[in-house]
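>>> Here is my input; please provide its structure:
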Amino acid sequence: MADVPRNLPPLSLHVPEPRFRPGDAVDFATVEVPPAGAQPRPDTAADPASFHDLAYTLVRVLDDDGQAVGPWNPRLDPDTLRAMLRDMALVRAFDERMFRAQRQGKTSFYMKCTGEEAVSIAATHALASDDMCFPSYRQQGILIARDYSLVQMMNQIYSNSGDNLQGKQLPIMYSSKEDGFFSISGNLATQYPQAVGWAMASAAKGDTRIAAVWCGEGSTAEGDFHSAMTFATVYKAPVILNVVNNQWAISSFSGFAGAEATTFAARAIGYGMAGLRIDGNDALAVYAATQWAAERARTNQGPTLIEHFTYRAEGHSTSDDPTQYRSAGEPGAWPLGDPVARLKAHLIAIGEWDEERHAAQDREVAERVKVAQKEAEKNGILGHGLHQPLDTLFDGVFEEMPWHLREQRQQMLDEEEASGRPWARKA
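This is a model prediction of the structure:
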């Protein structure tokens, strides 16, 4: 064995530390924001090795004057732009009302996507309606953009008698096979290998549908993420792998997932796949990147990893208080602005929108959400107790229930009967 010099300094462990803590003044001057339109748009059949730089910069379309510029401009018609703006306004209004519902004790939990609406809304508009989406728990905009029932979303949040999932999922963990929305899981990154597996199956069957999956930047530290990356690149799975870098994973900042060393889009380079780092608060950049990645997937060019550089404007969930771990000045100082305001400014700049119509739309979507809430609450709220027949607890696990579960179900029902307060059985 080699001799180790005795005069070496002791080893030290680096522990990442966020730049700003509660009470600190905020200055994001070190965040590099390149000019909109400055980045090249490779051909969708290009070798990933030929555009590594796109994993380290920011693909941007909307400039400071609200104009869409550069080769990534998707050149969307005004009706599509207005539809995206409306969906973003609707999900924001939905979030606000459901947040208040949790504070009123009507449900146990909620998660807002304030400041991240473009990530899911614009991407969904760029995908085909039958492409399969594997969301994390902050992509409720996918359902909104696919015109899913607001009442059904609220039924699930309330776990009431109208909940299609029978109260078995944590509030906001929706599922809709008919709308191409895979069941949300609270376990981090499990959706990644599921999405890649689905995409591989689609390719093996000779189908034309692709998959898209989302996770937060903290989830890239999970083993499931890296297993999925390996399978996706080896088999050229037709999948779009979205990493939503909103700077915070609950109270842990992005440095604990590796942000101090490199970008999250750079993970694609090590796997030999296409990687893009985009302005996640620019709806047109999100649309363009998703459209580009979807074309690569549909033409058998393989997967694309997209890092959406954005910011979580509010708490991680209703169980979180961000003032305990980050500066209150961060949301307002974030240099990429607000996605709703930026798309609104673009439509106004091109003469296709105005402040009066925007204010009217805000009132309209708020009223739509209010009406949906009243309808959903006719089915009950979580705060009023169990709404599903007790024996449905055992449903939906096996196609044919095994004997031992039938025995356990009967034992449970017998004990409830003996307690003198039995819950209704299903008809």
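>>> residue boundaries of the strands in the stretch 251-400 of the chain?
252-253, 274-279, 304-309 (DSSP state E, counting those that start in this stretch).
>>> got a list of contacts for the second one?
Translated: strand 274-279. 33, 36, 48, 51-52, 54-62, 263-269, 285-286, 289, 292-293, 296, 301-309, 336 (CB atoms under 8 Å, 6 or more residues apart in numbering). (Each C-beta comes from the backbone N, C-alpha and C, glycine too.)
>>> Just the buried residues of stretch 265-284, please?
For stretch 265-284, the buried set under the neighbour-count rule, 16 or more other CB atoms under 10 Å, comprises 265-269, 271, 273-284.
>>> for stretch 313-333, same thing?
So for stretch 313-333, counting by 16+ other CB under 10 Å, buried means 313-318, 320, 322, 325-327, 329-331.
>>> Just tell me which of the strands of the stretch 251-400 of the chain ends up closest to residue 204.
Closest approach to residue 204 among the strands of the stretch 251-400 of the chain (CB to CB): strand 304-309, 19.8 Å.
>>> Neighbouring strands - and their directions - for the closest one?
strand 239-245 (parallel), strand 274-279 (parallel) (DSSP bridges).
>>> And the average pLDDT for it is what?
If you average the pLDDT over strand 304-309, you get 98.
>>> would you put the C-alpha positions of that strand in CSV?
Extracted in CSV, the C-alpha atoms of strand 304-309 (Å, rounded to 0.1, in the frame of the first residue of the first chain):
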residue,chain,number,x,y,z
THR,A,304,-35.6,13.8,-24.6
LEU,A,305,-34.9,15.2,-21.2
ILE,A,306,-36.3,18.7,-20.7
GLU,A,307,-35.3,20.8,-17.6
HIS,A,308,-38.0,23.4,-16.9
PHE,A,309,-36.2,26.2,-15.0
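>>> Contacts for it, please.
Contacts of strand 304-309 (CB under 8 Å, 6+ apart): 55, 58, 116, 119, 217, 229, 240-245, 263-265, 267-268, 271, 273-280, 286, 289-290, 292-293, 296-297, 336.
>>> likewise stretch 26-38?
Under CB under 8 Å, 6+ apart, the answer for stretch 26-38 is 19-20, 57-58, 60-64, 69-73, 279, 282, 327, 329-330, 333-336.
>>> Among these, which ones are in helices?
330, 333 (DSSP state H).
>>> What are the buried residues along stretch 242-257?
Across stretch 242-257, burial judged by 16+ other CB under 10 Å covers 242-249, 253-257.
>>> ignore the last one, stretch 136-147
136-146.
>>> The residues you listed into CSV, with extra columns for secondary structure?
Below are the buried residues of stretch 136-147 laid out as CSV (DSSP: H, G, I helix; E, B strand; the rest coil):
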residue, secondary structure
136, coil
137, coil
138, coil
139, coil
140, coil
141, helix
142, helix
143, helix
144, helix
145, helix
146, coil
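>>> from the residues you listed, which single one is nearest residue 100?
Nearest member of the buried residues of stretch 136-147 to residue 100, counting by CB to CB, is residue 140, at 15.9 Å.
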